[in-house]
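A.B. asks: Prediction below, plus the sequence it came from.
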Amino acid sequence: MRRLAAAAVCLIGLLALPAGCNRATDTAKTDDQPPPGPLPRDDGLAARLTQTGQFGRYSLSLPPDYAAVPMQGRPQLELAAWSAKAADGRPVGVVSAAVFSDPKLVADAGKGMRQTLVNYSAGVTDSSGCKITARGPTRTNTAGGLDVTRFAFEGTGPDGTPMKGVTFGAIDGDRVVTAVAAGFGDAAAEQARLFEAVADSLRKK
């Protein structure tokens, strides 16, 4: 029950997105190594994403058990989120997306999209008591005409509940589109696999 409560706290916190992106330390300096190249698309995973989530002028394909969560946007910030729970109410995962139009954030992303995603994902998880402990290498795929940068991450909830996920984003003119997708507990690894396909599904209307 303690782990269930911790995952629930982390889930709620992930939906309460921060107003901005403070600089975070990237402890996984994988970009010092040769880039591994884009991930091959897994059509089997993509076929499991049977619904579409809309946010502003963008969309994501999502698993059928993810339900929209009401979010309140702010000036220069559009927000959207979807979450899933098991039959017993146990949190399974969350996908949270944001579109920033603040000129400084857009300029910072142009200098380095990985650092923007590090800052964003750390702000989202740290504010909820969750902690990212490892980050994978940066990969960039072209999806829907957008160059989508991503990396996988692992971490823990407030009392050690496993957390795995993917953060991804793209620069679209005067906007930066970002998303954090995290799975929890026993479902974490399988949800993280699905989130790779979710990242590939990012589209602009």
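C.D. replies: In hand now; what should we look at? Residues are numbered from 1 along each chain as shown.
A.B. asks: make it CA atoms for all contacts and neighbour counts henceforth
C.D. replies: OK.
A.B. asks: Surely residue 192 touches residue 182?
C.D. replies: Yes. Between residue 192 and residue 182 a contact is recorded at 6.8 Å, counting by C-alpha atoms under 8 Å.
A.B. asks: ok, these two, which is more surrounded?
C.D. replies: residue 182 (29 against 23; other C-alpha atoms under 10 Å).
A.B. asks: For the residue nearest to the more buried one when sequence neighbours are not counted, which residues are in contact?
C.D. replies: Closest residue in space to residue 182, ignoring its immediate chain neighbours: residue 165 at 4.2 Å, by C-alpha to C-alpha, 6 or more residues apart in numbering. Taking C-alpha atoms under 8 Å, 6 or more residues apart in numbering, we find residue 165 in contact with 152-154, 180-183, 188-189, 191-192, 195.
A.B. asks: and residue 169, how many neighbours?
C.D. replies: 27.
A.B. asks: and the host helix or strand of it, how far out from the chain's middle?
C.D. replies: Using DSSP states H and E, residue 169 sits in strand 162-172. Taking C-alpha atoms, centre = their mean, to the nearest Å, one finds the center of strand 162-172 at 3 Å from the center of the full chain.
A.B. asks: what do you get for stretch 129-145?
C.D. replies: Using C-alpha atoms, centre = their mean, the offset of stretch 129-145 from its chain centre is 8 Å.
A.B. asks: For the most centrally placed residue in the chain, give the beta-bridge partners.
C.D. replies: For the chain, residue 180 is the residue whose C-alpha lies nearest the centre (C-alpha atoms, centre = their mean; 1.3 Å). Taking DSSP bridges, one obtains residue 96, residue 167 as the residues bridged to residue 180.
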